[in-house]
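S.K.: Okay, here's the prediction I keep looking at, along with the sequence it came from:
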Amino acid sequence: MYEVKVFVTLKESIIDPAGTAVKDALHRLDFAEVQTVRVEKMIRMTIASTDEIEARIEAMCKALLVNTVMEDYRYEIEKIS
Amino acid sequence: MKFAVVVFPGSTGDADMAHAIRDVLGCDADYVRHDGSTLDGFDAIVLPGGFSYGDYLRCGALAGVSAIIPAIKAAADASKPILGVGNGFQILTEIGLLPGALIRNRDTKFICGPAVLTVENADIGFTNKYNPRETITLPIAHGWGSYYADENTLATLKANNRIVFTYQDNPDGSAENIAGIVSEGGNVLGMMPHPERAVERLLGSDDGLRLFQSILQTWRAGV
């Protein structure tokens, strides 16, 4: 069994209005050192063992989990049993 | 002329759409469920507004893998008119029938109110009852309606006159003020403003009615 975390974020070239709003709020709370904020999604899955785990995750990202027109993604795979 | 109004879990604009088609335009409209597999017998397909699947994952993403989607793509390939409004537009971009994507509004808020638009292309089967560069007012109601596409895509849309509606006072940060675009073949239109909610002057505006009349006129002309 694997635990997989897929992190999805807006492409760097796209302004993230949610991240901008969070950054502005942090500034209001006197965290003036904050320079950029990007809000990501994280999708956590447990996946039955397979020899081709990376290929399967890539396929899932392209088929549904990520819209590559506007989003970038990366993932972490941990074998848990 | 017979329209299909595709209903997903969380669609909210389906009844408005059927009302506009049946009671105002005077055509037939049937609801077709997301888990149906065929759109045979319909002359036009409409994807209504709303919040399909609660906007989970991304707006339109889960609707985009519904059982009915292959039939929608087949209808597009067969050059049938396909109209996606609001969430319907988001679904059309998710399934690749239209380029680009709809991202969160520039100011992060849900916006609801009248939007003043320019009809940029009055030569397609969805807009031939409008005048070129005509100003119209249609309601908008969206939180994720900011149109995004990369520079090459925007250049292609412009060069081929595929930007159909633009906002005069861009409310959501859409690239090139885009409110609606059409497919390369001219038969798939996606737009964030709601023409089906502006079909009776009694309710504030009938500027959206001619969009439906254009579809009907084009169908009658057999082009």
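M.R.: Yep, that arrived.

S.K.: Which residues of chain A lie near chain B?
M.R.: A:10, A:14-18, A:21, A:63-65, A:67, A:69-70 (CB under 8 Å from any CB of the partner chain). Every residue, glycine included, has its C-beta placed from N, CA and C.

S.K.: can you rerun that using 6 Å?
M.R.: Applying CB under 6 Å from any CB of the partner chain, we find that chain A lies next to chain B at A:17, A:21, A:67, A:69, A:70.

S.K.: In helices, which of those residues appear?
M.R.: Of the residues of chain A next to chain B, the ones assigned to helices by DSSP state H are A:17, A:21.

S.K.: now, the most widely separated pair of the residues of chain A next to chain B?
M.R.: A:21 and A:69 (22.8 Å; CB to CB).

S.K.: Now do the helices in the chain.
M.R.: Let's take chain A. Counting by DSSP H, the helices of chain A are A:17-28, A:53-60.

S.K.: That was the other one, I meant chain B.
M.R.: According to DSSP H, the helices that chain B contains are B:14-19, B:69-77, B:87-94, B:151-159, B:209-221.

S.K.: circling back: and the helices of chain A as TSV, adding mean neighbour count, mean pLDDT and distance to residue B:106?
M.R.: TSV is the format used below for the helices of chain A (neighbours: other CB atoms under 10 Å in any protein chain shown; pLDDT from 0 to 100; distance: least, CB to CB, whole Å):
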stretch	mean neighbour count	mean pLDDT	distance to residue B:106
helix A:17-28	15	94	6
helix A:53-60	14	96	31
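
S.K.: hang on, the earlier thing: buried deepest among the helices of chain B, which one?
M.R.: helix B:87-94 (a mean of 28; mean count of other CB atoms under 10 Å in any protein chain shown).

S.K.: now the strands: where do they sit in chain A?
M.R.: A:2-10, A:41-47, A:71-79 (DSSP state E).

S.K.: Residue B:57 is nearest to which of those?
M.R.: strand A:41-47 (8.1 Å).

S.K.: Mind listing what's buried along the closest one?
M.R.: Of all the residues in strand A:41-47, those buried under the rule 16 or more other CB atoms under 10 Å in any protein chain shown are residue A:43.

S.K.: What are the contacting residues of that strand?
M.R.: A:1, A:2, A:3, A:4, A:5, A:6, A:7, A:8, A:65 (CB atoms under 6 Å, 6 or more residues apart in numbering or on different chains).

S.K.: again, 10 Å this time
M.R.: Residues from elsewhere that reach strand A:41-47, judged by CB atoms under 10 Å, 6 or more residues apart in numbering or on different chains: A:1-10, A:53, A:56-57, A:60-61, A:64-66, A:71, A:73, A:75-77, A:80-81, B:57-58.
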